[in-house]
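J.: Fold the following for me, if possible:
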Amino acid sequence: MATDELSSKLNRRLQIEEGAEEPVAVDEAEHQNGSAEKPSTMNADSELGAKLLRRGELNDGVGEQQQPSMKVFNPYTEFKEFSRKQIKDMEKMFKHYDAGKDNFIDLMELKLMMEKLGAPQTHLGLKNMIKEVDEDLDNKLSFREFLLIFRKSAAGELAEDSGLSVLARLSEIDVSTEGVKGAKTFFEAKVQAISESSRFEAEIRQEQEAKKKQAEEKKQRQAAFKELQSAFK
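T.: A predicted model of the protein is given here:
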């Protein structure tokens, strides 16, 4: 209702300015009563006017409509060369050293990680480690960039004596058996894709069965506890 009223006022004001309609005199008391509401009305008018102008620009193709990025990172689909267990182990390690709990590992957190792994690095060495996988150039490691370390390690793309290579070796996450496999032919690529899909589904089933077993064991414990309680009543 308020929007319709404001639109009507804007149209009427435009008609008056163009001479299509004569202004109507307003009673003094009414004018005084309305003056208290004038600032808020003017603000609402200007806000509505800005919105209408913006919509007109979009319709005319003058302005560009901005939409937030909807891209979602899924490690299981992007890093198919690793098993679910391996990715979960990497995620556990990442969260362990993410002391700030901001979903990033910064320079100081990486320094602490390397010291805990028994391979301390110089300040310059730490900066070079981040730089090698820092795709968005924010000088810290996201979980995706952390996974890139293990991808590069499995593919043999890291220098043997580099800090990242040392990190991958000392992390106790074995990626050698599940490392990146380059398919030489289209047929091999298809077979590899089917194999990875089957392995992925099998891992999900194993997780579901483990959760189901835990739920059944919990139910049995609860039943036994209730039976024990009834024996003392």
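J.: which secondary element of this protein has the worst mean pLDDT?
T.: Taking mean pLDDT, DSSP states H and E as the measure, helix 28-35 is the helix or strand of the chain with the lowest mean score, a mean of 47.
J.: Determine the number of other residues adjacent to Leu126.
T.: Using other Cβ atoms under 10 Å, Leu126 has 19 other residues around it. The way it works is simple: take the backbone N, C-alpha and C, and place the C-beta from them, glycine included.
J.: List the contacts of it.
T.: 107, 110-111, 114, 163 (Cβ atoms under 8 Å, 6 or more residues apart in numbering).
J.: Just the closest of those to Glu203, please.
T.: When these are compared for distance to Glu203 (Cβ to Cβ), Leu110 wins out at 29.6 Å.
J.: Pull the contacting residues for the closest one.
T.: Residues in contact with Leu110 (Cβ under 8 Å, 6+ apart) are 97, 126, 129-130, 141.
J.: Figure out the helix or strand that it lives in.
T.: Following DSSP states H and E, the helix or strand that holds Leu110 is helix 107-116.
J.: so after that helix, what's the next helix or strand?
T.: Note on helix 107-116: by DSSP H and E, the next helix or strand toward the C-terminus is helix 123-133.
J.: Of the contacts of Leu110, which is the most crowded?
T.: By neighbour count, taken as other Cβ under 10 Å, the most surrounded of these turns out to be Leu141 (26 neighbours).
J.: And the pLDDT at that residue?
T.: With respect to pLDDT, Leu141 scores 97.
J.: on that earlier part again, which single one of the contacts of Leu110 is nearest to Lys211?
T.: Among those, and counting by Cβ to Cβ, the member closest to Lys211 is Tyr97, at 27.5 Å.
J.: Against Val133, how distant is the nearest residue to the closest one once chain neighbours are set aside?
T.: Leaving aside its chain neighbours, Tyr97 sits nearest to Met113 (4.4 Å; criterion: Cβ to Cβ, 6 or more residues apart in numbering). Taking Cβ to Cβ, to the nearest Å as the criterion, Met113 is separated from Val133 by 14 Å.
J.: Please say which of those two ends up with more neighbours.
T.: Met113 (24 against 18).
J.: Isn't that one up against Leu107?
T.: No - judged on Cβ atoms under 8 Å, Met113 makes no contact with Leu107 at a distance of 10.7 Å.
J.: Please identify the buried residues of the helix or strand harbouring Val166?
T.: Under the assignment given by DSSP H and E, the secondary-structure element containing Val166 is helix 163-170. Of the residues in helix 163-170, those with enough neighbours to count as buried (16 or more other Cβ atoms under 10 Å) are 163-168.
J.: Low-confidence stretches in this structure?
T.: Of all residues in the chain, those with pLDDT under 70 make up the ranges 1-4, 6-7, 10, 14-52, 54-71, 174-202, 233.
J.: in it, which spans are helices?
T.: Residue ranges of the helices in the chain, as given by DSSP state H, are 2-17, 28-35, 38-60, 75-78, 84-97, 107-116, 123-133, 143-154, 163-170, 186-231.
J.: just checking, what packs against the fifth one?
T.: Other elements packing on helix 84-97 under the criterion 3 or more Cβ pairs under 8 Å, 6 or more residues apart in numbering; DSSP states H and E are helix 75-78, helix 107-116, helix 143-154, helix 186-231.
J.: ok, and which of the ones you listed has the densest surroundings?
T.: Mean neighbour count (mean count of other Cβ atoms under 10 Å) peaks for helix 143-154 among the helices and strands packed on helix 84-97, with a mean of 20.
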